[in-house]
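**Student:** below is the sequence, then the predicted model.
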Amino acid sequence: MTRRRTRRPGKRQQQRDAQLIGFFMTAAAVLGLVVMVVNWLLAHWWVLVVVLMLAVLAGAGWLYNRHQQARWEAVRAQGLRYGLAQLDALHHSRFEEAVRDLMRRDGCRDAVRVGGGGDLGADVKATDPSGRRWVIQCKHRRNGARGSAVGTPDLQVLNGTARPVHGADIAVIVTNGRVTAPAVAFAKQQRLHVVDRQTLGVWAAGSRPLWELLRAIPPPRKPSALS
């Protein structure tokens, strides 16, 4: 009679068995640890009470700090003022942030700076309390009025992207410098708005929102959640 050969488990099967055993051992160890911790906490319940009290105090402290920060941000925004000399001294990226902050001061709570590489002509976007979408391109001149003037090509970039790409209701170019006469004429033809150095000075130093300083602003949309 010939003996039957018993088939030995393959390497894959052995690996699966080893993994299964390891899993059960790990689960048993974790379960044992959990039981030990629970038993210890039951025996030392006051530790759990202390931990809960500390967590409540930490949460209350976090909420208080957040409330204070929001309060101070609101106070700062309400009193935000810039002089033209301050704006001239800014880096161009800080100038964009200043324009964003002025929009926030005026009630555009979602105002955001998006300037940088690939911004497609939009440095600041905001929604005003009347629901109108603003797209702003910023042109900072280190020498202020003595710097190079903003020309028609700058307005053409804004005109080509503000409405079709960014969905603007109001497209604006803001500069602390000068704007050429052809650029102003082009802006009027294309329903663009120009905030030159003089208008910027009034806006940045006063309490009137930008839409009260510009002409031919579109009528309000249906009030949004930002109203």
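**Tutor:** Here it is on my side, so go on.

**Student:** could you point out which element follows the helix or strand containing W46?
**Tutor:** Under the criterion of DSSP states H and E, W46 resides in helix 45-78. Per DSSP H and E, the first helix or strand lying C-terminal to helix 45-78 is helix 84-88.

**Student:** for that next one, what is the distance to the chain centroid?
**Tutor:** Here helix 84-88 is found 25 Å from its chain centre; the criterion is CA atoms, centre = their mean, to the nearest Å.

**Student:** in it, what's buried?
**Tutor:** L84, L87, D88 (16 or more other CB atoms under 10 Å). To be clear about C-beta, it is placed using only N, CA and C from the backbone, and glycine gets the same treatment.

**Student:** stretch 202-213 now?
**Tutor:** Of all the residues in stretch 202-213, those buried under the rule 16+ other CB under 10 Å are W203, A204, P209, L210, W211.

**Student:** now swap in stretch 52-61 and tell me
**Tutor:** Going by 16+ other CB under 10 Å, stretch 52-61 has no buried residues at all.

**Student:** tell me the average confidence for it?
**Tutor:** Across stretch 52-61, the average pLDDT comes to 87.

**Student:** and stretch 145-154, by the same measure?
**Tutor:** The model assigns stretch 145-154 a mean pLDDT of 93.

**Student:** start and end of that stretch, how far apart?
**Tutor:** In stretch 145-154, first residue to last residue: 17 Å (CA to CA, to the nearest Å).

**Student:** what's near enough to touch the spatially most central residue of the chain?
**Tutor:** In the chain, the C-alpha nearest the mean C-alpha coordinate belongs to V112, at 5.4 Å (CA atoms, centre = their mean). For V112, the contacting residues are R100, V124, K125, A126, by CB atoms under 8 Å, 6 or more residues apart in numbering.

**Student:** in a helix, the last one, correct?
**Tutor:** Going back to what we said before, that points to A126. No. Counting by DSSP: H, G, I helix; E, B strand; the rest coil, A126 falls outside a helix, being strand.

**Student:** by mean pLDDT, which helix or strand of the chain comes out lowest?
**Tutor:** helix 45-78 (a mean of 73; mean pLDDT, DSSP states H and E).

**Student:** follow-up on the earlier one: any idea how far the residue nearest to the centre of the chain lies from F95?
**Tutor:** 15 Å (CB to CB, to the nearest Å).

**Student:** try L214
**Tutor:** Remark: distance between L214 and F95 (CB to CB) = 19 Å.

**Student:** the two: who's more crowded?
**Tutor:** Between L214 and F95, counted using other CB atoms under 10 Å, the more crowded position is F95 (24 against 15).

**Student:** that one sits in which helix or strand?
**Tutor:** Using DSSP H and E, F95 falls within helix 92-105.

**Student:** quick one: contacts of that helix?
**Tutor:** The set of residues external to helix 92-105 that reach it, using CB under 8 Å, 6+ apart, is 77-78, 80, 82, 87, 90, 111-113, 115-116, 123-124, 126, 128, 134, 136, 138, 140, 174, 176, 203-204, 210.

**Student:** got the buried residues for that helix?
**Tutor:** Judged by neighbour count using 16+ other CB under 10 Å, the buried positions of helix 92-105 are F95, E96, E97, A98, V99, R100, D101, L102, M103, R104, R105.

**Student:** tabulate these in TSV, adding columns for distance to A29 and pLDDT.
**Tutor:** Below are the buried residues of helix 92-105 laid out as TSV (distance: CB to CB, whole Å; pLDDT from 0 to 100):
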residue	distance to A29	pLDDT
F95	60	96
E96	56	95
E97	54	95
A98	59	95
V99	59	96
R100	54	96
D101	55	95
L102	60	95
M103	58	95
R104	54	94
R105	59	92
